[in-house]
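Student: please work out how this folds:
(one chain, ligands or ions: 2)
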Amino acid sequence: VNEVIECERILADKLQSNVLTVEQIGNHVAQSGGKRLRPLLVSLGARCISNDYDPKRIHNIGACVEMIHMATLIHDDVIDGAPTRRGRPTPHQVWGTTEAILTGDVLLAKAMEILAADGDLDIIRSISSAVVDLAEGEVRELETRGNFDLPETEHLNILQRKTATFMACCCMAGAIVAGAKPELRHALWSYGNSLGMAFQIADDLLDFLGDDAKTGKVRATDFRDGCATLPLILLRNELAEDESTFVRNKFGNGMHDSDLETISKWMEEKGAFAKSRSAAAAYAQSSLDALDAVPDSQAKKLLASLAEFVVQREA
Ligand code: FPP
Ligand code: MG
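Tutor: Ligands and ions are numbered 1, 2, ... in the order given. Got it, this is the predicted structure:
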């Protein structure tokens, strides 16, 4: 708990800016009830390796990865034209699009400053290449928008880039600070990677099934925007021709809530939700398997419970 408070203090400190808009947007995003999952991964990644490391480095890197995450969400909401996140108006709605984009850039640059100050080259290399993956993953996702027939492997590759690689790096960065040998660095990377895949598949399921009041987002945004995610990909082959035409016509085109009910009902009846849940559960299991190489500790137990949490969460 102290870890979280300390990381939070550093985050608040780093978000200070003598440019008022930058500071306001930073605080708005920081105070919107994020789960702080990535800083937690950094911290647990370290603690499950050893107790003998410099906690300040963990807090700084935790603040760094949260700032990168905040930057990607600000940019993502501009790209998606999302009006709300976590139940609050998005920065581009309140302060304007240009202001939101530039503040995202400031946060990203500040995160790089933190990494440079820490100075560990392996961490700098892995996080900077994860940021490349994040941005390229988002571009790939944009390029596939509107493609109803997006192959499952391509879709999974996008999830890998936009979510899993970064979570893998968070876990591994913690392990590196705690002095992990290559084999254990790899185990933590692998854990974070599978956790990320499970997390994103669960997120995409919540897009269809979540309660708007809990997720703070509009339901079926992905589908409405022409973004094919696993529930749709796994539904496609189960549809009769007329059903398929119906779904294809609604995909990426404005639809009524009654259409959403029909499509969700098919996803339920034809097993697309169940199969997506199994896919998330299988990744969660792989993340647990990766922990086999890690010695038992309280931190390892927490990582294991995170793997359960990400597939069961409601927001
Ligand atoms: C959220 O996914 C978006 C991401 C995980 C990646 C976004 C990446 C960028 C905008 C490009 C890189 C930007 C920087 C600053 C490096 P989602 O749309 O599935 O989640 P959501 O439902 O929460 O919006
Ligand atoms: Mg989005």
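Student: going by C-alpha atoms from here, please, whenever you check contacts or count neighbours.
Tutor: Noted.
Student: ligand 1 contacts on the stretch 51-200 of the chain?
Tutor: Residues of the stretch 51-200 of the chain lying near ligand 1 by CA under 6 Å from any ligand atom: 71-73, 75-76, 104, 108, 131, 134-135, 138, 162-163.
Student: helices and strands around the helix or strand that contains residue 168, which ones?
Tutor: Assigned by DSSP states H and E, residue 168 belongs to helix 165-177. Counting by 3 or more CA pairs under 8 Å, 6 or more residues apart in numbering; DSSP states H and E, the packing neighbours recorded for helix 165-177 are helix 37-47, helix 55-80, helix 121-144, helix 182-209.
Student: angle of that helix against helix 121-144?
Tutor: Between the axes of helix 165-177 and helix 121-144, defined by axes from the mean of the first three to the mean of the last three CA atoms, to 10 degrees, the angle is 180 degrees.
Student: just the helices and strands packed on helix 165-177: most buried one?
Tutor: helix 37-47 (a mean of 26; mean count of other CA atoms under 10 Å).
Student: next, count neighbours for residue 117.
Tutor: 11 (other CA atoms under 10 Å).
Student: what confidence value was assigned to it?
Tutor: Looking at residue 117, its pLDDT reads 98.
Student: can I assume it sits in a helix?
Tutor: Yes. Residue 117: assigned to a helix according to DSSP: H, G, I helix; E, B strand; the rest coil.
Student: need the contact list for the residue in the stretch 101-250 of the chain that ligand 1 sits nearest to.
Tutor: Relative to ligand 1, the nearest point of the stretch 101-250 of the chain is residue 135 (3.7 Å; CA to the nearest ligand atom). Residues in contact with residue 135 (CA atoms under 8 Å, 6 or more residues apart in numbering) are residue 162.
Student: and it, how far is that from residue 229?
Tutor: 18 Å (CA to CA, to the nearest Å).
Student: low pLDDT regions in this structure?
Tutor: 1 (pLDDT under 70).
Student: so what's the residue most central in space within it up against?
Tutor: Nearest residue to the geometric centre of the chain (CA atoms, centre = their mean): residue 163, 4.7 Å. The contact partners of residue 163, taken as CA under 8 Å, 6+ apart, are 134, 196, 197, 200.
Student: make CSV from those and add distance to residue 39 to it.
Tutor: Formatted as CSV, these follow (distance: CA to CA, whole Å):
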residue, distance to residue 39
134, 17
196, 14
197, 18
200, 17
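Student: what are the phi and psi angles of residue 219?
Tutor: phi -70, psi 150 (degrees, to the nearest 10).
Student: that one against residue 205, yeah?
Tutor: No. Using CA atoms under 8 Å, residue 219 is not in contact with residue 205, being 10.2 Å away.
Student: with adjacent residues omitted, what lies nearest to residue 164?
Tutor: Of all residues not flanking residue 164 in the chain, residue 196 sits nearest, at 4.0 Å (CA to CA, 6 or more residues apart in numbering).
Student: repeat that for residue 8.
Tutor: Nearest non-adjacent residue to residue 8 (CA to CA, 6+ apart): residue 63, at 7.2 Å.
Student: try residue 234
Tutor: Spatial nearest neighbour of residue 234, excluding adjacent residues (CA to CA, 6+ apart): residue 272 at 5.1 Å.
Student: can you pull the contacts of the one you found?
Tutor: Counting by CA under 8 Å, 6+ apart, residue 272 has contacts 230, 231, 232, 234, 235, 266.
Student: and the angle from the helix or strand harbouring the last one to helix 182-209?
Tutor: With secondary structure defined by DSSP H and E, residue 266 is part of helix 257-269. Orientation of helix 257-269 against helix 182-209 (the same axes, to 10 degrees) gives an angle of 130 degrees.
Student: how far is the helix or strand containing residue 305 from where the chain is centred?
Tutor: Assessed by DSSP H and E, residue 305 sits inside helix 298-312. In this view, helix 298-312 has its centroid 16 Å away from the chain centroid, taken as CA atoms, centre = their mean, to the nearest Å.
Student: since that was my last question, I'll sign off now.
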